[in-house]
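Asks: Mind looking at a prediction? Sequence and model below.
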Amino acid sequence: MGVTVPQQLRYSKDHEWVLLSGSQARVGITDYAQDALGDIVFIQLPDVGAEIELHQGLGEIESTKSVNDVYAPVAGRVIAVNEALIATPELLNTDPYGLGWICDIEIDAVNESDLMSPQEYSALIGAH
């Protein structure tokens, strides 16, 4: 399988990635998720200022195949969203770990056991 699993990130069982930086987390969907979804045509972003519970829906991604929820891998308050995705949702396909980030969350608390290491996530999706 040719999907990328960057080593500096943490992952959720729902195929979101998290880049932890102090009390903030940048969130997006994994390469595996975008590949499974196919061509992404629309994303509903969360509202800046929204309080997010762990595993709560952050928004929806619509692809040519289906509509799927994005789930919060951490709890906290949304402090920024990637407005570029409104006009260019295909960034989720072309650069899921870079320009295709979804939102930044000010973390209430992070429980490392809720997040998977790159090795654990690779095992979950059957990547080597």
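Replies: Right, received. Where do you want to start?
Asks: Nearest the geometric middle of this protein, what residue?
Replies: Centroid check for the chain by Cα atoms, centre = their mean gives G28 as the closest residue, at 2.3 Å.
Asks: Give me the buried positions along the helix or strand harbouring that residue.
Replies: Using DSSP states H and E, the element containing G28 is strand 24-29. Of all the residues in strand 24-29, those buried under the rule 16 or more other Cβ atoms under 10 Å are 25-29. C-beta coordinates here come from the backbone N, C-alpha and C atoms, glycine included.
Asks: which helices and strands does that strand pack with?
Replies: Helices and strands touching strand 24-29, by 3 or more Cβ pairs under 8 Å, 6 or more residues apart in numbering; DSSP states H and E, are strand 16-21, strand 103-109.
Asks: before we move on, the earlier item: who are the contact partners of the closest residue to the residue nearest to the centre of the chain other than its chain neighbours?
Replies: Using Cβ to Cβ, 6 or more residues apart in numbering and skipping the chain neighbours, the partner closest in space to G28 is W101 (4.5 Å). Counting by Cβ atoms under 8 Å, 6 or more residues apart in numbering, W101 touches 26-28, 82.
Asks: If anything else comes up later, I'll come back, but that's it for now.
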